[in-house]
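**Q** Okay, sequence plus prediction incoming.
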Amino acid sequence: MSRAPLLLSLAALVAVLALASLLIGPAGAGPVASLKALWGGEGPLGIVLREIRAPRAVLAVMLGVSLGLSGAALQGYLRNPLAEPGLIGISAAAALGAVIAIQAGVSTLGLGVPAAGLAGALGGVGLILLLAGRGGSGLGLILGGIAVSALAGALTALVLNLSPNPFAAYDIMFWTMGSLADRSWAHVLTALPLMGLGWAVLLRAGRDLDALSLGEEAAASMGVDLGALRLKIVLGAAAAVGAATAVAGAVGFVGLVVPHLLRGAVGAMPSRLLPAAALGGAALVLTADIAVRLVMPERDLKLGVMMALVGAPVFLHLIWRTQVGK
């Protein structure tokens with residue numbers, strides 16, 4: 001499929017899923033009444049749609065764009081279809097910052113936890129770049145990310161283990177599962193500037209990633225600064241994924257699954273895959289968020305759990321294909 005029809009199809013799918021996300025729920029009104037309430041209703045239904053479901057749908061789109069786009073960019077930079085945003089440790093660092101805030105007594109309903117998550121992500125970025133060194137080596141980035149992810153995971157487990165407050169431990173456990181429930185427009189406005197910056201940086205790196213797909217020496221001969229490219233990819237992914245983790249908790253596998261599903265349709269060129277992966281990620285997260293409300297509405301199934309149930313088999317399939325292809 002050519003690029004423009006595919007992007008239009010994905011955009012239309014995202015629009016349909018976003019509308020479905022607004023209309024699906026326990027409010028007990030039909031689609032026509034819900035749409036009327038959304039655009040001007042002053043009753044309880046209008047408040048539910050505008051203040052609860054609408055920010056949840058917008059955050060689902062933002063989360064999916066951030067994870068899908070970051071996954072495609074990292075796979076293009078590392079030239080490895082198994083790469084995903086969690087590989088460089090940004091998600092774990094953001095989660096650590098949020099967990100510390102929860103343990104300190106900050107409410108998960110306000111903006112204190114997202115702010116702490118963003119601070120954790122920024123600290124993780126600095127440590128990753130310090131560990132990776134000045135060169136453009138993808139191996140240094142992977143090793144630095146693994147080290148930061150392991151350290152952040154260990155510290156998160158330590159905080160949970162030593163928590164004297166069972167209610168804080170309960171909040172930490174469920175927050176780390178990832179969810180879009182109880183999010184507001186304040187969360188959207190908190191995350192959007194940093195996510196938007198990350199999206200812009202990653203999309204502008206598409207042509208350099210195309211050159212890198214020919215090899216590091218070929219890319220350097222074409223004028224690509226590998227060190228600057230690595231900085232763009234790390235900072236762009238950190239801004240997008242860090243903000244996503246800060247407001248929604250840990251949601252994995254989107255950045256791994258979406259580029260894999262779309263690569264066959266758009267080809268191997270990263271500049272063509274990046275926008276498709278962004279829209280595909282938005283569609284996948286919207287679908288998963290709708291599913292968690294339909295499958296077990298009374299048990300509050302977490303978005304991160306649903307994505308893990310979908311993504312883990314795909315990850316195993318990728319590993320199997322990689323091994324068989326050798």
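**A** Thanks, I have the structure now. Small disclaimer: the values here were computed from a predicted structure and weren't measured.
**Q** so where is the stretch 51-200 of the chain shaky, pLDDT-wise?
**A** Residues of the stretch 51-200 of the chain that meet the criterion pLDDT under 70 lie in 107-110, 134-137.
**Q** need the helices for it, in chain order.
**A** Remark: helices assigned in the stretch 51-200 of the chain by DSSP state H, counting those that start in this stretch are 54-78, 90-103, 112-132, 138-162, 166-175, 185-204.
**Q** Quick one: those helices as TSV, columns for distance to A15 too.
**A** Bear in mind the C-beta positions are built from the backbone N, C-alpha and C, glycine included. Formatted as TSV, those follow (distance: least, C-beta to C-beta, whole Å):
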stretch	distance to A15
helix 54-78	10
helix 90-103	28
helix 112-132	27
helix 138-162	34
helix 166-175	30
helix 185-204	18
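**Q** Between these, which one is closest to A237.
**A** Using C-beta to C-beta as the measure, helix 54-78 is the one of those that comes nearest A237, at 4.1 Å.
**Q** who touches the residue most central in space within the chain in this structure?
**A** Nearest residue to the geometric centre of the chain (C-alpha atoms, centre = their mean): L67, 3.0 Å. Contact partners of L67, counting by C-beta atoms under 8 Å, 6 or more residues apart in numbering, are P85, A240, V241, A244, V251, V254, G255, V258, G281, V285.
**Q** re the thing from before, relative to W320, which of the helices of the stretch 51-200 of the chain is closest?
**A** helix 54-78 (17.8 Å).
**Q** Specify the angle between the closest one and helix 138-162 in degrees.
**A** 140 degrees (axes from the mean of the first three to the mean of the last three C-alpha atoms, to 10 degrees).
**Q** Among the helices of the stretch 51-200 of the chain, single out whichever gets nearest to I290.
**A** helix 54-78 (8.7 Å).
**Q** can you pull out the helices in the stretch 201-326 of the chain?
**A** So, for the stretch 201-326 of the chain - with DSSP H, counting those that start in this stretch - the helices run 206-212, 216-221, 226-248, 254-266, 270-295, 303-324.
**Q** a markdown table for these, including mean pLDDT and distance to N80?
**A** A markdown table is the format used below for the helices of the stretch 201-326 of the chain (pLDDT from 0 to 100; distance: least, C-beta to C-beta, whole Å):
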| stretch | mean pLDDT | distance to N80 |
| --- | --- | --- |
| helix 206-212 | 94 | 12 |
| helix 216-221 | 90 | 14 |
| helix 226-248 | 90 | 13 |
| helix 254-266 | 89 | 11 |
| helix 270-295 | 94 | 12 |
| helix 303-324 | 81 | 9 |
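**Q** Let's have those helices in JSON lines, adding mean neighbour count.
**A** Formatted as JSON lines, the helices of the stretch 201-326 of the chain follow (neighbours: other C-beta atoms under 10 Å):
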{"stretch": "helix 206-212", "mean neighbour count": "21"}
{"stretch": "helix 216-221", "mean neighbour count": "13"}
{"stretch": "helix 226-248", "mean neighbour count": "25"}
{"stretch": "helix 254-266", "mean neighbour count": "23"}
{"stretch": "helix 270-295", "mean neighbour count": "24"}
{"stretch": "helix 303-324", "mean neighbour count": "15"}
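**Q** for the closest residue in space to V285 that isn't next to it in sequence, what are its contacts?
**A** Spatial nearest neighbour of V285, excluding adjacent residues (C-beta to C-beta, 6 or more residues apart in numbering): G64 at 3.5 Å. With contact taken as C-beta under 8 Å, 6+ apart, G64 is in contact with V254, V258, A278, G280, G281, A282, A283, L284, V285, L286.
**Q** Could you report the distance from the last one to L49?
**A** In this structure, L286 lies at 16 Å from L49, with C-beta to C-beta, to the nearest Å as the measure.
**Q** Give the phi and psi angles for P81, as a check.
**A** Here is the backbone geometry of P81 (degrees, to the nearest 10): phi -70, psi -10.
**Q** these two touch, right, it and H260?
**A** Yes - with contacts defined as C-beta atoms under 8 Å, P81 counts as touching H260 at a distance of 6.1 Å.
**Q** Overlap in contacts, the two.
**A** With C-beta under 8 Å, 6+ apart, P81 and H260 have common neighbours L318.
**Q** tally of neighbours for G223?
**A** Around G223 there are 8 other residues, counting by other C-beta atoms under 10 Å.
**Q** Tell me which of the helices of the stretch 51-200 of the chain lies nearest to A11.
**A** Here helix 54-78 is closest among the helices of the stretch 51-200 of the chain (C-beta to C-beta), at 10.8 Å.
**Q** Next, the angle from the closest one to helix 270-295.
**A** 140 degrees.
**Q** buried residues in helix 54-78?
**A** Counting neighbours by 16 or more other C-beta atoms under 10 Å, one finds that the buried residues in helix 54-78 are 54-78.
**Q** Stretch 95-111 now?
**A** A95, L96, G97, A98, V99, I100, A101, I102, Q103, V106, T108, L111.
**Q** my guess is A237 contacts I90, does it?
**A** Yes - using C-beta under 8 Å, A237 makes contact with I90 at a distance of 6.4 Å.
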